Each structure stands twice: as C-alpha cells, then as structure tokens.
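Asker: Let's see this in three dimensions:
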Amino acid sequence: METDQTYLNGVAELEEALPDPSAPVVHVEICQTPCSTVRANVVKERVRAVLQRHKLVYGDLTMTEFDDTFMKEHIKSVSICDTDDISSAHKGKKAFNLFDANLLLHVFQLHEGGPGSEEVDDDDNVSAASHWLMPNADFDGIWDSLIFDSDVKLELLRYAYTTLLFSDKGVDSNVISWNRVVLLHGPPGTGKTSLCKALAQKLCIRLSDRYSYGQFIEINSHSLFSKWFSESGKLVLKMFQKIQELIDDSDALVCVLIDEVESLTAARKASLSGTEPSDAIRVVNALLTQIDQIKRNSNVLILTTSNVTEAIDLAFVDRADIKKYIGPPSPPAIFKIYHSCVKELMRAGIISPPQQLLDLRALEVMRFAENNATRHSLRLRELAQRSVGLSGRTLRKLPFLAHALFVRTPTISLEDFLEALSLAVDRQHEERKGLNSED
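Answerer: Residues are numbered from 1 along each chain as shown. This is a model prediction of the structure:
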C-alpha cells in the first residue's frame, strides 16, 4: 500500500512539473560567449530562473545587458523569438507571462571563422563550394532582418521539423515521400539566398540539443562546368562525395545551398536542343542523382534558389517538397523594413535625438490620424507606399544612400532624415527609369 502511495505521489509530482499544454510555447535562444566552457544545461537553468522573474513580455525581445553576474560572464545575448506565432495561436494576445509559458531554451556558441573553400579539381583549383561551420557569426542577425509578406520563415521551420519527425518515427518514404529539397524562386534582390542562409543558422540553433554543430555548403553552380567538358560529371561526383563525408557525421546538421539553380537546368535544356555539348546533360543528371542519394540521410536539407522560374527544369521542380515564390515586398513590409532601419540609425546615434516611431498596428488603432505623436510614422508610411516595386536589397541600401547623398552632417534629426530618404527614393526611381529606357 505504501509502495502504491509512493508511486502516486511520484506521478503527481511529475505531472506538476510537466508544462501546461495550453500555455504558449516560447523559444529562447541563448548565445553563449566564445570563451565560456559552462555546460548548456547549467546555462539553461540559470537563464530560466532569471526569465521567470519577469512578469510580462510584449513581443520579441533581445537582451544583451544583464545584472546577473553569471550571465554577464557567460552569455552574449538572450532572445525571445517567434512571439507573432504565439499571438496568432492565442487569440491575438501579444503579452504573455514567462513564468506561465513553456520555455524551450536553445544554447549555442557562434563560430567566428569565415567560409572555407571546397576544391574538387586538384589541377585547376576549381572552387566548387564555400563551407561554413554553423551557427556562424557571418549569419548572425540575418533571420530577424528578413521581412516578408507571408509567414514563409515559420513555414520553412515547420517543414524542417516535420522532415526530422518523419525520420525519427520511421515513416516509410516509399509510402509517404519527401525529398528534403526546398526551392525558393522569384526576382533578384528579394532575399531568397539570405533566407536560405538564415534558415540554416536558425535550424542549427534550434536543434542544438540534437546536433553538436552544423555544416553549411554553398555550391557554386558555375564551377561545375569544367573547361574540359568531359571532366564536369566527375567534378559533380567529387563534390558530393565531400558533402557525403560531412553528412556521415551524425552529430552534424548539414545544409546544402545551390544558388541560381536555373543555371544548371537551363544548361540541360540547351543540351537537349543541340546548342550545348552533351556533357551538360551528364552534369545535370549527375547532380539530380546525387541529390536523390543524399536525401536518404536524416541530417541533411537541400536549399535551392532561382531567379528565372521559366528556366527551371521540371525534373528538378518535381523533387522540391516546397516551391515558394518570394516577390518584392508590399507597402506594409516596406514600412517594417524602413522602421527597422530608422531604429538602427537611432541606436547608432546617427539619427539624434531618438524619437518614438509607431508601428502599423498602432497607427491603425489611431485611425491614421495625424498629430504630433503620429506625424513621423505617417511620413514613413507614405515613403513606403512610394517605394513599391523596389527590391528588399535596394530598400536596405536606401537609408545609407540617403545619408551619403543628401546629409552633410554626422548626425541628423528624424524629420530631416525622412526628407533625405524621400529624395533617395525619388533618385532610385529615376535611375530605374533611365536603365529601362536604355533597354
């Protein structure tokens, strides 16, 4: 009887310790300092205790300064992430109590080294790919800087989680098929390549308990075609043999990026039409065969991008589990991009004194009425509407160009900077018209 009661007490204690399934799940990413050797579980316990003393949190939050002595010494930053997803799942409630939330803590350290080069031709020193250890300082912050009109970032995260789940559960891939291939397509400058790099970084952080480190390989498609055409197929084979060696380490998550994949598929079409040597067909066929082989491994994800949708070979398109169009940003997305740029210039002291900028939700609540509190935010919204058609890459450059071309002082007021930004937007549209008229 005592044994039964002891067992029941243990079950009660366990149930009490389990997280409430109805509570919001909060991802907390903890960047450990490069020199720290403290174990991840110790870092998690300390950070959890500190976070749960907070009453309410509103939206995403990154902390880089700490009162706690341990955190000052061992932690570079603590980021609370994906709160927009929490808000949509809990009837729009933006604020949540960290004490009541299910905290998923991810501890990682950034690799400081830049990319290495993977060479597959010993004679010509052909660089077939660039190679990073992940998570890497080169990709730090890219994920948060990317702004899209759709929930493509969260969709890709969920896709990656599902590929792991199906592998872990032993789902028969002959019955239910998935290829671990993502294709992002759309016009240049919309953030496709950056999104692939940011996704690899995010997965290496979120899966840090499962994989000790990550490998990111960016394949140079143009290098696959040797000046000696008969050797090109061998280059593809050698490159993927090196990738397979990385995949064979089960402690590593391997993400392979093939940028501008249409350069390969277009070559195959040209070969079939007789305008290119038949070796191009062998190269592309070899590439597709290698992709089919490495997808059998559970620790690999193949990311591809294309600027020219019409040129993508159907045999490759058929292999992609997700085919996502990434287009130019809409006015609301442009506003968010500009908003983040202005906040960064305020943080750096270039726009001074710092002033409050309202987001679109706050402006909507105030029915876009103009007053002293909304004037600058409405001006930024008007600039966003005038910037439609510009790529995300261009939009991120415009604050820099505004200062370089139209500001004569190291610091500037917000009102004057918005005027300079307006001139930069007009200049950009004029330059685009000039280039189009030449065509």
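Asker: In what element of secondary structure is residue 47 found?
Answerer: If you go by DSSP states H and E, residue 47 is part of helix 40-51.
Asker: What are the contacting residues of that helix?
Answerer: Here helix 40-51 makes contact (C-beta atoms under 8 Å, 6 or more residues apart in numbering) with 28, 30, 32, 36, 66, 68, 70-71, 74-75, 78, 80, 98, 103, 105, 107, 208-209. Placement of C-beta: from N, CA and C, glycine included.
Asker: Let's see which of those end up in helices.
Answerer: Using DSSP state H, the members of those that fall within helices are 70, 71, 74.
Asker: are any of those residues buried, and which?
Answerer: For the ones in helices among the contacts of helix 40-51, a neighbour count by 16 or more other C-beta atoms under 10 Å gives the buried set as 71, 74.
Asker: Tell me the one of the ones in helices among the contacts of helix 40-51 nearest residue 371?
Answerer: Distance to residue 371, by C-beta to C-beta, is smallest for residue 71 among the ones in helices among the contacts of helix 40-51, at 41.0 Å.
Asker: Quick check: that closest one vs residue 306, distance?
Answerer: As defined by C-beta to C-beta, to the nearest Å, residue 71 lies at a distance of 44 Å from residue 306.
Asker: what's the answer for residue 255, then?
Answerer: 17 Å.
Asker: residue closest to the middle of the chain?
Answerer: In the chain, the centroid-proximal residue (C-alpha atoms, centre = their mean) is residue 198; its distance is 2.6 Å.
Asker: How many residues are close by the nearest residue to residue 70 once chain neighbours are set aside?
Answerer: Closest residue to residue 70 apart from its sequence neighbours, by C-beta to C-beta, 6 or more residues apart in numbering: residue 46 at 5.4 Å. Per other C-beta atoms under 10 Å, the neighbour tally for residue 46 reads 17.
Asker: Roughly how far does residue 46 sit from residue 245?
Answerer: Taking C-beta to C-beta, one finds residue 46 at 37 Å from residue 245.
Asker: What of residue 261?
Answerer: Applying C-beta to C-beta, the value for residue 261 to residue 245 is 23 Å.
Asker: can you check residue 353 too?
Answerer: Note on residue 353: its distance to residue 245, by C-beta to C-beta, is 55 Å.
Asker: Residue 142 too?
Answerer: 27 Å.
Asker: Residue 140 too?
Answerer: According to C-beta to C-beta, residue 140 and residue 245 sit 27 Å apart.
Asker: Same drill for those two, tell me which one is more crowded.
Answerer: Shown here are residue 140 and residue 245; by other C-beta under 10 Å, residue 140 has more neighbours (15 against 9).
Asker: Phi, psi for that one please.
Answerer: Dihedral angles of residue 140 (phi, psi; degrees, to the nearest 10) stand at phi -70, psi 130.
Asker: what do you get for residue 256?
Answerer: Residue 256 has phi and psi values of phi -110, psi 120 when expressed as degrees, to the nearest 10.
Asker: list the contacts for it?
Answerer: By C-beta under 8 Å, 6+ apart, residue 256 lies in contact with 217, 219, 243, 294, 300, 301, 302, 303.
Asker: Is it possible to get these out as CSV so that each row also shows pLDDT?
Answerer: Converted to CSV, these look like this (pLDDT from 0 to 100):
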residue, pLDDT
217, 96
219, 88
243, 93
294, 89
300, 96
301, 96
302, 95
303, 96
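Asker: Sketch out the strands for the stretch 1-150 of the chain, chain order is fine.
Answerer: Here the stretch 1-150 of the chain has its strands, by DSSP state E, counting those that start in this stretch, at 25-32, 57-58, 61-63, 75-81, 95-96, 102-108, 116-121, 126-134.
Asker: go on, the stretch 151-300 of the chain?
Answerer: Counting by DSSP E, counting those that start in this stretch, one finds strands in the stretch 151-300 of the chain at the ranges 181-185, 213-219, 252-258, 300-306.
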